[in-house]
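[1] Give me a 3D structure for the following:
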Amino acid sequence: MNLVSIRIITAEVKRLVNFYEQVTGMLAIQYTDDFAELQSESATLAIGSTKTLQFFGGDEVAKAAQNHTAIIEFIVKDVDDTYQRIAETIRPYLVQKPTAMPWGNKSLLFRDPDGNLVNFFTPVDSGAIRKFEGKIR
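    Predicted structure coming up:
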């Protein structure tokens, strides 16, 4: 089994697509006005409209902008450089500037426009570097 995708449900697909394109530097594939994907080598971040919930059983299956537990994480080559590149975009959403974590990563934490937590991180100690070897592009 492999995790291949995380999907965010939103009332504003275009706004989230634009945000994630800006912060990741990836271009989204917009299949319809209600569904887009940002595809990386290891996984996909899907963005679906609340309208897509009808295909999964109705409006109560998920609620847009209600996530209070998950963190969407991206590994980056240099979190400090990435922070400098996206600082203006994330300024209203910043939770924590790049900070060393006790498990060996340096992490930048911010929210997307719907309030979902996003972590951009770079492994910095030898154990974390080994753990993520070959995963940084």
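[2] any idea where the strands of this structure begin and end?
    Residue ranges of the strands in the chain, as given by DSSP state E, are 5-10, 29-32, 35-39, 44-49, 71-75, 94-100, 105-111, 117-123.
[3] Give me the neighbour count for residue 46.
    20 (other Cβ atoms under 10 Å). Just so you know, the C-beta spots here come from the backbone N, C-alpha and C atoms, and that holds for glycine as well.
[4] coming back round to it: as TSV, the strands of the chain with mean pLDDT and distance to residue 86 would be great.
    Listed next are the strands of the chain as TSV, based on pLDDT from 0 to 100; distance: least, Cβ to Cβ, whole Å:
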stretch	mean pLDDT	distance to residue 86
strand 5-10	97	18
strand 29-32	98	21
strand 35-39	98	15
strand 44-49	98	16
strand 71-75	97	11
strand 94-100	98	10
strand 105-111	98	8
strand 117-123	98	8
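[5] Surely residue 26 touches residue 20?
    Yes - Residue 26 is within contact range of residue 20, at 7.4 Å (criterion: Cβ atoms under 8 Å).
[6] and those two? which has more neighbours close in?
    Set residue 26 next to residue 20 and count neighbours by other Cβ under 10 Å: residue 20 wins out with 22 against 15.
[7] Against residue 58, how distant is that one?
    26 Å (Cβ to Cβ, to the nearest Å).
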